[in-house]
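Novice: Kindly return the folded structure for what I paste below:
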Amino acid sequence: MRRGFHSINHRLFLLFLVCMSGIVLVVSLLYYNRNTEQFHDKISDLAQKNVSQTVGLFDLLYKGYDSLSKTLSNNFDMVRKLNETYTEPAMAYNTEQSITNMIGAIFFSRDDLVGIHVITDKGKIYNYGNYINVIDPHYREREWYRQIQQASGKMAWLGVFPHSLIDQNQRQPVFAFGRQIFDLDEHKPIGMVLYETNPKPIIEALDNLKLGQHSSVYVVSKGGRMVSTSVTAQPDPEVPIPEYGDEENVVVRQDNGHLLIASRLPFTDWSVVSITPDKDLNVELVQMKRYLLIVVSILIIVSALIASIVSKTFSSPLKRLIREMKQVERGNFRGELNVTSYQEINILVASFNRMVRRIEELIERVKISSVSEKNAELHALQSQVNPHFLYNTLDMIYWMLDEKGDGDEQLGEIILSLSHMFRYSSHWKEGADVTLREEFEQINHYLNIILFRLDGRLKVETETDEQWMNIRIPKMTLQPVIENAVKHGLESLGGRQGVLRITAREDGQNLKIMIADNGCGMEPAVLERLVASLDERKPSGKGPGGIGLQNLHLRLKIMFGEAYGLGIYSIPGEGTTVTLVIRLPQNQGGEEYEQPEYPDRG
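Specialist: Purely as a prediction, here's the structure:
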């Protein structure tokens with residue numbers, strides 16, 4: 001996904017699409033915002049007029065409820081009777097009846113009253129209402145009780161509630177307000193009166209502010225406490241109540257997708273707040289928005305088609321060029337790209353075609369040069385085989401014939417073995433590689449001569465498997481190693497029995513041929529110098545092995561790869577082991593091979 005995004009096709013497509021779509025969106029948004037502002041201005045003007053009317057209605061309601069609350073709190077007979085204490089039951093009963101009658105007279109004077117409750121500080125409660133009263137035993141702990149106490153004789157507008165605040169038997173909605181009752185002589189509170197009325201006038205006044213179906217209207221105190229609201233609606237906590245300035249009476253504000261209109265009531269620090277969601281205000285704008293969305297969607301689709309066509313005119317020739325480059329990367333130089341596009345792309349394609357043809361020519365030249373160089377190097381390495389052994393053998397035959405001993409049959413076998421060896425080493429034109437079987441036949445002839453020359457002081461042990469005999473290896477691979485083992489390790493043993501062991505075994509993907517002797521071995525410094533000289537073109541010194549082992553190591557690398565060749569392990573006084581690592585036939589064909597490990601002598 002990330003690679004596709006960085007392609008020139010996607011980049012050009014996104015560039016044209018963003019540019020063309022951006023212009024369409026900007027113009028559409030400007031047009032929509034302008035019409036929305038004009039529409040909201042009209043709504044705001046209408047809402048402010050409604051707020052002014054509602055404030056007037058609340059002013060009338062407040063004055064009526066304030067006057068009603070004073071009818072009992074300022075009644076001298078009521079205050080006197082509440083403050084008196086009677087010991088005789090008859091007098092106490094008469095006093096309670098008088099207080100109840102006073103409350104009942106006020107209750108029946110208005111149709112909107114639901115209940116009147118007079119509560120004394122001594123715990124006495126006088127009720128009058130439409131139901132049999134069941135008083136809340138925890139009324140002193142309620143919030144409304146504290147609000148009336150904190151009002152200090154002023155009317156406390158408590159708000160609209162789903163049921164009575166004190167009468168548990170009354171379940172219909174009520175609008176509640178109250179006032180403390182003071183002792184007129186000592187001016188100390190002796191109780192309070194709680195009025196509960198029908199909330200319909202308050203709710204109708206609030207509904208006058210609603211601008212839509214989902215509008216909410218509240219009467220809120222300065223501290224943010226809800227004084228009046230409808231029974232079901234609750235304020236949205238994400239829409240804060242506005243704060244007024246010193247000279248502000250009406251606030252109109254757009255906040256969190258709502259139109260908020262608030263006005264302070266003139267008789268108190270309360271505010272009337274109307275909150276209308278934009279979905280109610282934008283009924284007319286919704287149709288315009290839907291129309292704009294359809295038009296913008298069509299224009300964006302057209303822009304996408306145009307952007308796709310334009311981007312493909314650029315990217316299509318480049319994609320074809322990339323595919324052809326991948327073919328070249330895989331080694332196919334035979335194709336030629338034909339593209340008709342913009343002038344710059346045509347020049348790029350023509351340059352690519354010329355470059356591919358040039359690379360093909362250079363690769364052919366390198367192949368020819370590499371084959372010639374490899375053949376010349378192999379021929380040079382093969383031609384360096386030291387004929388020193390042949391001269392020594394001929395010299396030995398000469399002296400044997402001169403002495404004319406008992407070994408005529410052995411002498412014939414030696415001459416025959418020497419003939420086979422000379423014929424084997426001289427026929428290079430047949431190829432640089434032979435089978436392992438042919439190599440073993442060659443070293444058998446060589447060992448016949450060595451065993452005769454050492455006269456019983458050498459024992460040869462051979463261990464191999466018939467299945468490896470047809471493996472192809474470089475010609476004259478084993479003879480130089482055996483010659484070095486005899487010359488530098490076994491001939492100097494003196495009277496001690498020499499052992500030469502030749503083994504071949506499979507090791508994972510490779511075949512290891514080990515030639516071990518129990519000769520005098522090599523000192524660590526000599527061994528280190530010999531190993532270091534194997535990978536050099538020129539021999540470093542005249543240490544054991546000389547040019548023969550170095551040439552053999554290079555020939556194995558040329559035939560099998562850099563991971564193959566000779567490994568030498570030697571301990572002074574115990575002997576030397578030379579390991580030849582070659583590749584098994586099943587590994588040919590392009591597989592990778594691990595670097596072989598040369599084991600310890602064993």
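Novice: For stretch 61-77, buried residues please.
Specialist: Residues 61, 62, 65, 68, 69, 71, 72, 73, 75 are the ones in stretch 61-77 that count as buried (16 or more other Cβ atoms under 10 Å). C-betas here are computed from N, CA, C, even on glycine.
Novice: In terms of pLDDT, where does the first one sit?
Specialist: Each residue has a pLDDT score; the one for residue 61 is 83.
Novice: before we move on, back to that, can you add secondary structure and distance to residue 257 and give the buried residues of stretch 61-77 back as CSV?
Specialist: Shown next, in CSV, are those (DSSP: H, G, I helix; E, B strand; the rest coil; distance: Cβ to Cβ, whole Å):
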residue, secondary structure, distance to residue 257
61, helix, 31
62, helix, 32
65, helix, 35
68, helix, 41
69, helix, 40
71, helix, 46
72, helix, 47
73, helix, 45
75, coil, 51
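Novice: ok, residue 272 touching residue 250?
Specialist: No. Residue 272 is beyond contact range of residue 250, at 9.7 Å (criterion: Cβ atoms under 8 Å).
Novice: And the two? Which one has more around it.
Specialist: Just comparing residue 272 and residue 250: by other Cβ atoms under 10 Å the higher neighbour count belongs to residue 272, 26 against 17.
Novice: Neighbours of the closest residue to residue 504 other than its chain neighbours, how many?
Specialist: Sequence neighbours aside, residue 464 is the residue nearest to residue 504 in space, at 4.1 Å (criterion: Cβ to Cβ, 6 or more residues apart in numbering). For residue 464, the count of nearby residues is 16 (other Cβ under 10 Å).
Novice: With residue 303 instead?
Specialist: Here the number of neighbours of residue 303 (other Cβ under 10 Å) works out to 19.
Novice: Could you list the low-pLDDT ranges of the stretch 101-250 of the chain?
Specialist: Within the stretch 101-250 of the chain, the stretches with pLDDT under 70 are 131, 212, 221-249.
Novice: All the helices of it, residue numbers only.
Specialist: 143-150, 200-207 (DSSP state H, counting those that start in this stretch).
Novice: Show residues contacting the first one.
Specialist: To tie it back to what came earlier, the one meant is helix 143-150. 139, 156, 158, 165, 176, 178, 179, 180, 189, 192, 194 (Cβ atoms under 8 Å, 6 or more residues apart in numbering).
Novice: Settle this for me: the second one is touching residue 194, isn't it.
Specialist: This points to residue 156. No. With contact defined as Cβ under 8 Å, residue 156 does not reach residue 194; the gap is 9.2 Å.
Novice: what touches both of these two?
Specialist: In terms of Cβ under 8 Å, 6+ apart, residue 156 and residue 194 are both contacted by the residues 144, 148, 178.
Novice: Could you give the backbone dihedrals for residue 496?
Specialist: The phi and psi values for residue 496, taken as degrees, to the nearest 10, are phi -80, psi 140.
Novice: and it, how many neighbours?
Specialist: Quick note: residue 496 (other Cβ under 10 Å) scores 12 neighbours.
Novice: From residue 32, how far off is it?
Specialist: 109 Å (Cβ to Cβ, to the nearest Å).
Novice: how far off helix 200-207 does the host helix or strand of residue 70 point, in degrees?
Specialist: Applying DSSP states H and E as the criterion places residue 70 in helix 8-73. Angle of helix 8-73 versus helix 200-207, following axes from the mean of the first three to the mean of the last three Cα atoms, to 10 degrees, is 150 degrees.
Novice: buried set for the next helix or strand after helix 8-73?
Specialist: Toward the C-terminal end, the helix or strand that comes next after helix 8-73 (DSSP H and E) is helix 76-83. Within helix 76-83, the residues that qualify as buried are 78, 79, 81, 82, 83, counting by 16+ other Cβ under 10 Å.
Novice: Can you list the buried residues in stretch 155-175?
Specialist: 155-161, 164-167, 170, 173-175.
Novice: what about it, start to end distance?
Specialist: One end of stretch 155-175 sits 13 Å from the other (Cα to Cα, to the nearest Å).
Novice: Quick check: mean pLDDT of stretch 485-503?
Specialist: 85.
Novice: Of all the residues in that stretch, which ones are buried?
Specialist: 485-491, 493, 498-503.
Novice: What are the boundaries of the strands in the stretch 251-400 of the chain?
Specialist: Per DSSP state E, counting those that start in this stretch, the stretch 251-400 of the chain carries strands over the ranges 258-264, 271-277.
Novice: need those strands in JSON lines with distance to residue 299, can you?
Specialist: Shown next, in JSON lines, are those (distance: least, Cβ to Cβ, whole Å):
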{"stretch": "strand 258-264", "distance to residue 299": "31"}
{"stretch": "strand 271-277", "distance to residue 299": "30"}
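Novice: Tell me the confidence at residue 405?
Specialist: pLDDT at residue 405 comes out at 56.
Novice: Span of stretch 132-147 from start to end?
Specialist: Stretch 132-147 has its terminal residues 26 Å apart, counting by Cα to Cα.
Novice: what's next to whichever strand or helix holds residue 505, contact-wise?
Specialist: Here residue 505 is covered by strand 498-507, with elements defined by DSSP H and E. The contact list for strand 498-507, computed with Cβ under 8 Å, 6+ apart, reads 436, 443, 447, 454, 457-465, 468, 478, 482, 485-486, 489-490, 511-519, 581, 584, 596.
Novice: what do you get if the cut-off is 6 Å, keeping everything else the same?
Specialist: With Cβ atoms under 6 Å, 6 or more residues apart in numbering as the test, strand 498-507 has contacts from 457-464, 468, 490, 513-518.
Novice: Next secondary structure after it?
Specialist: strand 510-517.
Novice: elements contacting that next one?
Specialist: Applying 3 or more Cβ pairs under 6 Å, 6 or more residues apart in numbering; DSSP states H and E, one finds that strand 510-517 contacts strand 498-507, strand 575-583.
Novice: Quick one: closest of those to residue 303.
Specialist: Taking Cβ to Cβ, strand 575-583 is the member of the helices and strands packed on strand 510-517 nearest to residue 303, at 62.8 Å.
Novice: thinking again about what came up before, could you list the paired strands of the strand holding residue 505 along with their orientation?
Specialist: Sheet partners assigned to strand 498-507 using DSSP bridges are listed as strand 458-463 (parallel), strand 510-517 (antiparallel).
Novice: was I right about residue 175 contacting residue 197?
Specialist: Yes. If you go by Cβ atoms under 6 Å, residue 175 and residue 197 touch, sitting 5.0 Å apart.
Novice: List the beta-bridge partners for residue 125.
Specialist: Beta-bridge partners of residue 125, as defined by DSSP bridges: residue 119.
Novice: ugh, wrong one, I meant residue 499
Specialist: residue 459.
Novice: and the shared contacts of residue 156 and residue 194 as CSV, adding neighbour count and distance to residue 19?
Specialist: Below are the shared contacts of residue 156 and residue 194 laid out as CSV (neighbours: other Cβ atoms under 10 Å; distance: Cβ to Cβ, whole Å):
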residue, neighbour count, distance to residue 19
144, 19, 64
148, 23, 68
178, 26, 69
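Novice: can you list these in TSV and add distance to residue 205?
Specialist: Formatted as TSV, those follow (distance: Cβ to Cβ, whole Å):
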residue	distance to residue 205
144	21
148	23
178	20
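Novice: Out of the buried residues of helix 76-83, give me the two with the largest separation.
Specialist: The distance between the two most remote of those (Cβ to Cβ) is 9.6 Å, for 78 and 83.
Novice: what comes up buried for stretch 350-363?
Specialist: Result for stretch 350-363 [16+ other Cβ under 10 Å]: buried residues 352, 356.
Novice: Can you point out the buried residues in stretch 464-481?
Specialist: Buried residues in stretch 464-481, defined by neighbour count with 16+ other Cβ under 10 Å: 464, 468, 471-481.
Novice: Select, from the residues you listed, the two members most distant in space.
Specialist: Spatially, the most separated pair among the buried residues of stretch 464-481 is 468 and 480, at 19.9 Å (Cβ to Cβ).
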